[in-house]
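[1] Fold the following.
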Amino acid sequence: QVQLVESGGGLVQAGGSLRLSCVVSGGTFSSDAVGWFRQAPGKEREFVAAISRWSGGSTKYADSVKGRFTIARDNAKNTAYLQMNSLKPEDTAVYYCNRDPVLHRILEEYPTLDSWGQGTQVMVSS
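    Purely as a prediction, here's the structure:
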């Protein structure tokens with residue numbers, strides 16, 4: 001059973017930065033693409049960023065975070081990261097990570113992914 005544990009959220013002022021971490025256990029992390037997602041109150045979960053299976057692999061970002069967020073991974077630590085800079089109040093949400101061997105599923109089919117973690121809350125004040 002794959003388990004995902006997100007951490008690093010918190011309260012930050014607009015323009016500030018946070019670094020989220022996602023530790024994955026119970027699977028084959030190095031064989032999986034990894035994605036970050038977020039869900040704001042009253043809204044559906046949305047895609048934020050993804051990285052292919054290799055450290056330094058190809059990355060994809062939602063238009064709303066391009067140029068501000070950076071996704072990375074450390075396969076030796078079974079950990080993915082999301083560096084968030086220039087944060088805006090509209091970035092306020094619970095952030096989740098997930099993984100799948102197929103990058104397309106991370107990008108296009110993420111509502112059907114299994115094993116969601118508890119997420120980590122990010123709040124950006126204006």
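[2] Going by C-alpha atoms from here, please, whenever you check contacts or count neighbours.
    Noted.
[3] beta partners for residue 39?
    residue 94 (DSSP bridges).
[4] do residue 80 as well
    residue 22, residue 73.
[5] show me where the chain has helices.
    103-108 (DSSP state H).
[6] who's in contact with the spatially most central residue of it?
    What sits nearest the mean C-alpha location of the chain, by CA atoms, centre = their mean, is residue 36, with 2.0 Å. Residue 36 is in contact with 47-50, 82, 95-98, counting by CA atoms under 8 Å, 6 or more residues apart in numbering.
[7] who wins for neighbours among these?
    residue 97 (31 neighbours; other CA atoms under 10 Å).
[8] Which residue, other than its chain neighbours, is closest to it?
    residue 36 (4.4 Å; CA to CA, 6 or more residues apart in numbering).
[9] and the one you found, how far is that from residue 29?
    Note on residue 36: its distance to residue 29, by CA to CA, to the nearest Å, is 15 Å.
[10] ditto for residue 68
    25 Å.
[11] and these two? which has more neighbours close in?
    Using other CA under 10 Å, the more surrounded residue of residue 68 and residue 29 is residue 29, with 25 against 14.
[12] Correct me if wrong: that one contacts residue 76.
    No. The criterion here is CA atoms under 8 Å, and residue 29 misses it with residue 76 at 9.1 Å.
[13] where exactly do the strands run in this protein?
    Per DSSP state E, the chain carries strands over the ranges 3-7, 10-13, 18-25, 33-39, 46-51, 59-61, 69-74, 79-84, 93-100, 120-125.
[14] Can you give the contact residues for the helix or strand bottoming out on mean pLDDT in the chain?
    For the chain, the helix or strand with the lowest mean confidence is helix 103-108, at a mean of 93 (criterion: mean pLDDT, DSSP states H and E). Contact with helix 103-108 is made by 32-35, 47, 50-52, 98-100, 113, as judged by CA under 8 Å, 6+ apart.
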